[in-house]
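1. Give the three-dimensional model of this entry:
(chains A, B, C and D)
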2 protein chains.
Amino acid sequence: MTVDESEAVDAFERLGLTSYEAKVFIALHRLGSGTARDVANVTDVPRSQVYSVAESLEDRGLLEVQQSSPIRYRPVSLDEAQETLRNRFEREQERAFDYVDSVKEEPTTEETQEDIWTVRSRERIDNRVVDLLSQADDRIIFGTRLPEFVTDAIEETIRERAAAGVGVLIISRTEAVRESFEDIDGVVTQTPPARHKDDDRSGRIAVVDDDSLLLSVVDNDGSETAIWSSGSLFADVLIQLLEASDDLESTLG
Amino acid sequence: MTVDESEAVDAFERLGLTSYEAKVFIALHRLGSGTARDVANVTDVPRSQVYSVAESLEDRGLLEVQQSSPIRYRPVSLDEAQETLRNRFEREQERAFDYVDSVKEEPTTEETQEDIWTVRSRERIDNRVVDLLSQADDRIIFGTRLPEFVTDAIEETIRERAAAGVGVLIISRTEAVRESFEDIDGVVTQTPPARHKDDDRSGRIAVVDDDSLLLSVVDNDGSETAIWSSGSLFADVLIQLLEASDDLESTLG
DNA sequence: ATTCTGTTGTTACGATCCTACAAACTCGGA
DNA sequence: TCCGAGTTTGTAGGATCGTAACAACAGAAT
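-> Next up is the predicted model:
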């Protein structure tokens, strides 16, 4: 029972199996095939439990049963098992989200509430940035120190918007970031004003038109947290503040 | 609280959420956004529980939190939520199966054990049929009454094997089944001998080379059950039985 | 200023359900 | 009769569900 195995068991549990089910499934792949006793001998699953656990695995389509005495079990191939689980997942997801979709509130295109939202974690902030940028009609301001904060999806979205005639301003003191965008028509790059302290906790900033803004910081533990707002007075004020404190308009015109 | 909603909640539970998490997530999509009280008002989740449940949903990346008083919650878009869950699933599946793959018994190309295996349900039998057919080196016999027992994957596999020089014999009294294969080089189609009673419980039959065989029947409730064997004496005997009782060899030569 | 009232958010706790685990028991063959 | 295979029953522990109590706070009334 290596340390890796318990991780694999945990992963199977998160996929919806019980720990016994995971252990029996793994054991049968180790063995090729075997009886309840064989399985019990190489796992800490009691023999008397193997029968019902194997039955449950058969229901899930992860192993086959040999009707004989003693009963023998045979796992399906890994590819087949993966495909079976994946299909089940997709089916469930469709069922779940179809319903939510049918009852969900149509998102008001114009955000009217005075809301500032918090988003934690890189990945989700990436998503939110793309979401905001893709709504740009007039202009985009995007800035960050760190090249890894410019994901492919973000770069793609900016290119697409620029092609649609949206003015884009990229602000970074990192050359690699500026370079990613310099070849695009309608994109202006610049370095941030020197008076801005380039501390290592700044994350990224995104301004869309005159109504949406996102601002992220890097926490002490290295994780990223962002706040954003769209169509609110807060967004207005923050954007105006930003523009007043900079010489951005001299660049964008 | 419609009857459909409970089904959606069940689906979310199978995706790994608790019922409270599912209900809060659905409610927030209904509402667009809202406070703990808003959510409690439209669900049977107690208000005091909404806070911790929402926190857990935030950890999963399914909603965002507005730090204010009262706290407001906002669900991420359905697309983003689906993508997040899908990524999590793929990650877990990879972790789980990578380990199993690293410890699994290399499948002995020559099956030596005297095993007859049982497979229940259409889909899994489809998989097993494809698996067996794809190992054909010399010849394939495939028969069924029902066109729906010839899936795309099965037809594809047979075409691929036929192209590789494997002799194929398709047996069906149903013209639609025979037609699917008649255009392929190296494929012979025929109707079963009249003396075979065409009862409605017969499913499909597949013979591969001289060592593998699968035979399925349709249960009273309409579900399909198959037995199969590969490289065993059983397989030998059954295949010889089959050939002796028919005039197959006169067709295949 | 003080009291009252209502809301928010936190915490605690019993009930309930499911899994993990351990025994009993039945049955058939040597 | 003995022994192993397989089934059934029972119990402990953990997570979720559901209720309730609580402190902190804000606004209204006194």
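2. Grab the nearest non-local neighbour of A:S202.
-> A:R145 (6.0 Å; CB to CB, 6 or more residues apart in numbering or on different chains). Yep, even glycine has a C-beta here, placed from its N, CA and C like the rest.
3. count of residues packed around that neighbour?
-> A count of nearby residues for A:R145, using other CB atoms under 10 Å in any protein chain shown, gives 18.
4. same check, this time on the one 4 residues further on
-> Other residues near A:F149 come to 22 when the count uses other CB under 10 Å.
5. In contact with it, which residues?
-> A:203-204, A:216 (CB atoms under 8 Å, 6 or more residues apart in numbering or on different chains).
6. 7 Å instead, please
-> For A:F149, the contacting residues are A:203-204, by CB atoms under 7 Å, 6 or more residues apart in numbering or on different chains.
7. Check which helix or strand A:F12 maps to.
-> helix A:3-14 (DSSP states H and E).
8. Show me what counts as buried in that helix.
-> Buried residues in helix A:3-14, defined by neighbour count with 16 or more other CB atoms under 10 Å in any protein chain shown: A:5, A:8-9, A:11-14.
9. for stretch A:174-181, same thing?
-> A:174, A:177-178, A:180-181.
10. now the helices for the stretch 1-150 of chain A?
-> Remark: helices assigned in the stretch 1-150 of chain A by DSSP state H, counting those that start in this stretch are A:3-14, A:19-31, A:36-42, A:47-59, A:78-103, A:122-133.
11. can the longest one be found next to chain B?
-> The reference is to helix A:78-103. Yes: with CB under 7 Å from any CB of the partner chain as the measure, helix A:78-103 is seen reaching chain B through A:78, A:80, A:82, A:85, A:89, A:92-93, A:95-97, A:99-101, A:103.
12. Top of these by number of neighbours, please.
-> Highest count within these by other CB under 10 Å belongs to A:A96, 26 neighbours.
13. which residues sit in contact with that one?
-> B:8, B:11-12, B:15.
14. could I get these as CSV with distance to DNA strand C?
-> CSV is the format used below for the contacts of A:A96 (distance: CB to the nearest atom of the strand, whole Å):
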residue, distance to DNA strand C
B:A8, 18
B:A11, 16
B:F12, 16
B:L15, 15
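15. follow-up on the earlier one: return the closest of the residues of helix A:78-103 next to chain B with respect to A:A136.
-> Lowest distance from A:A136 to the residues of helix A:78-103 next to chain B (CB to CB) belongs to A:D101, with 25.8 Å.
16. That closest one against B:S77, yeah?
-> No: counting by CB atoms under 7 Å, A:D101 sits too far from B:S77 to count as a contact (10.6 Å).
17. I'd like to know how far A:R86 sits from DNA strand D.
-> A:R86 is 24 Å from DNA strand D, where distance means CB to the nearest atom of the strand, to the nearest Å.
18. Need the buried residues of stretch A:174-181 in a markdown table (columns: distance to DNA strand C).
-> Shown next, in a markdown table, are the buried residues of stretch A:174-181 (distance: CB to the nearest atom of the strand, whole Å):
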| residue | distance to DNA strand C |
| --- | --- |
| A:T174 | 37 |
| A:V177 | 37 |
| A:R178 | 42 |
| A:S180 | 40 |
| A:F181 | 40 |
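19. For the residue nearest to A:S202, which residues are in contact?
-> Contacts of A:R145 by CB under 7 Å, 6+ apart are A:172-174, A:198, A:202.
20. at 8 Å what do you get?
-> A:172-174, A:177, A:198, A:202.
21. for A:S180, same thing?
-> A:147, A:150, A:155.
22. which SSE is the last one in?
-> Same thing as A:E155. helix A:152-163.
23. what's the angle between the helix or strand following that helix and helix A:122-133?
-> Counting by DSSP H and E, the next helix or strand C-terminal to helix A:152-163 is strand A:167-171. Computed with axes from the mean of the first three to the mean of the last three CA atoms, to 10 degrees, the direction of strand A:167-171 lies at 150 degrees from that of helix A:122-133.
24. returning to that earlier point: tell me which other helices or strands the helix holding A:F12 touches.
-> When contacts are defined as 3 or more CB pairs under 8 Å, 6 or more residues apart in numbering or on different chains; DSSP states H and E, helix A:3-14 packs onto helix A:19-31, helix B:78-103.
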